[in-house]
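> Mind looking at a prediction? Sequence and model below.
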Amino acid sequence: LHAKALQELDDVQDTKRLGEWRVAYLGKKSELTTLSKQMGQLDAQTRPLFGQLLNERRQALEGAFTSKRESIEAAEQNARLAAETIDITLPGRHRDVGAVHPISRVIRDIEDIFLGMGFMIADGPEVETDRYNFEMLNLPKDHPARDMQDTFYITEELLMRTHTSPMQVRTMEQMHPHAPIKVIVPGRVYRRDEDDATHSHAFTQIEGLVVDKGIRMSDLKGVLEAFAKALFGEHQRVRLRPSYFPFTEPSAEVDLVCVHCQGHGCRVCKDTGWIEILGAGMVHPRVLDMAGYDSSIYSGFAFGMGPERIAMLKYGITDIRQLYQNDLRLLRQFAKV
Ligand code: FA5
């Protein structure tokens with residue numbers, strides 16, 4: 001029996017079978033225990049000898065059991081450690097790093113420039129009322145100039161704003177009667193324009209507004225010149241061309257020297273050497289008065305520019321739609337800029 005027990009113990013490889021072995025050879029129903037219980041039937045002479053023998057056997061089995069348990073536990077621990085080892089020669093896991101979208105980048109750059117000139121940054125609603133988008137900007141209900149901006153209407157009174165200019169009015173109402181006002185407002189605007197290389201039905205504008213006593217057209221030109229130089233370099237010049245907006249008088253369209261040909265004429269600027277980047281003008285007296293700033297005391301200028309057009313100029317993007325397609329090949333180019 002003893003030899004058989006040791007033989008079987010030799011074959012045991014894991015903790016579970018080791019437990020079973022213990023029950024079979026050392027447990028309450030094991031032969032060894034049964035024999036110990038029957039010792040009472042032996043005569044007084046053989047009993048101590050037999051008892052001693054049984055004890056020796058039990059101790060031997062228990063000793064064998066203990067050393068087997070230790071060796072199994074050590075083996076199992078080794079196996080666990082082996083499974084947990086880190087192979088430091090494996091290549092690292094690749095993590096994609098995003099890039100700031102060119103439109104966001106241009107907006108940030110422009111915000112920085114105007115913050116440096118003491119402007120605040122404000123934010124306004126994309127769903128606007130007809131009143132703020134048009135009427136308070138000197139565009140009453142049947143004004144023909146409403147056709148300049150084809151509008152997505154939600155109801156008769158609610159619409160998707162067609163420009164950021166309603167924020168001129170909201171800002172003046174909010175700031176009243178404080179002066180000066182110096183604010184820029186970046187945001188999304190919407191128009192029923194056909195999408196093409198330079199037009200999108202949803203695009204971004206940055207509105208600018210300055211209101212104070214004694215603001216003149218030369219202040220507008222000075223601010224825009226400082227802005228253009230900060231954005232494109234000291235050599236940059238701006239050109240104001242007469243234009244028309246119902247909410248400014250006089251009004252101007254503002255061009256920059258074409259950054260691709262430096263004014264010599266190329267495909268991008270249609271050989272004119274200049275590229276239009278914004279509309280601007282002196283805030284119409286009626287707009288000032290409606291918003292609570294007495295036009296006999298205050299004057300101001302405003303402008304509205306398209307960051308998409310500026311991003312295209314700055315980064316040589318030839319089709320505005322590329323800015324909205326989320327093509328990673330385009331976006332990745334801005335990861336390290
Ligand atoms: C306006 O929206 C006026 N609110 C600008 C303004 C503000 C004038 C304050 C006077 C005072 P305009 O429709 O020209 O004007 O748009 C201004 C700029 O937005 C354009 O110069 C152009 O850069 C950009 N833009 C206009 N339409 C689109 C379009 N469909 N897709 C992309 N950019 C556009």
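On my side now, so go ahead. Residues are numbered from 1 along each chain as shown.
> all contacts plus neighbour counts: C-alpha atoms, from now on.
Fine.
> Show me the beta-bridge partners of the closest residue to residue 253 other than its chain neighbours.
With C-alpha to C-alpha, 6 or more residues apart in numbering as the criterion, residue 253 has its nearest non-adjacent residue at 4.6 Å, and that residue is residue 279. On the basis of DSSP bridges, residue 279 is bridged to residue 253, residue 304.
> I'd like the distance from residue 279 to residue 251, if you could.
8 Å (C-alpha to C-alpha, to the nearest Å).
> same thing with residue 269?
From residue 269 over to residue 251 (counting by C-alpha to C-alpha), the distance is 22 Å.
> next one: residue 26
Going from residue 26 to residue 251 by C-alpha to C-alpha gives 105 Å.
> now residue 10
Counting by C-alpha to C-alpha, the gap from residue 10 to residue 251 is 100 Å.
> more crowded one of those two?
More crowded of residue 10 and residue 251, by other C-alpha atoms under 10 Å: residue 251, with 24 against 12.
> what's around the residue nearest to residue 253, how many residues?
Should you count by other C-alpha under 10 Å, residue 279 turns out to have 23 residues around it.
> pLDDT wise, what is it at?
pLDDT for residue 279: 97.
> pretty sure it is touching residue 306, no?
No - counting by C-alpha atoms under 8 Å, residue 279 sits too far from residue 306 to count as a contact (9.3 Å).
> and the protein, which residues reach the ligand?
Taking C-alpha under 6 Å from any ligand atom, the part of the chain that reaches the ligand is made up of 163, 165, 193, 198-201, 203, 205, 245, 248, 277-281, 302-306, 309.
> Who are the contact partners of residue 295?
For residue 295, the contact set (C-alpha atoms under 8 Å, 6 or more residues apart in numbering) comprises 285-286, 288-289.
> hmm, 6 Å instead?
With contacts defined as C-alpha atoms under 6 Å, 6 or more residues apart in numbering, residue 295 is in contact with 285, 288-289.
> Quick check: closest non-adjacent residue to it.
Spatial nearest neighbour of residue 295, excluding adjacent residues (C-alpha to C-alpha, 6+ apart): residue 285 at 5.2 Å.
> what's the neighbour count on the one you found?
20.
> go on, residue 267?
Other residues within reach of residue 267, judged by other C-alpha under 10 Å, total 10.
> same question, the one 3 residues further on
A count of nearby residues for residue 270, using other C-alpha under 10 Å, gives 11.
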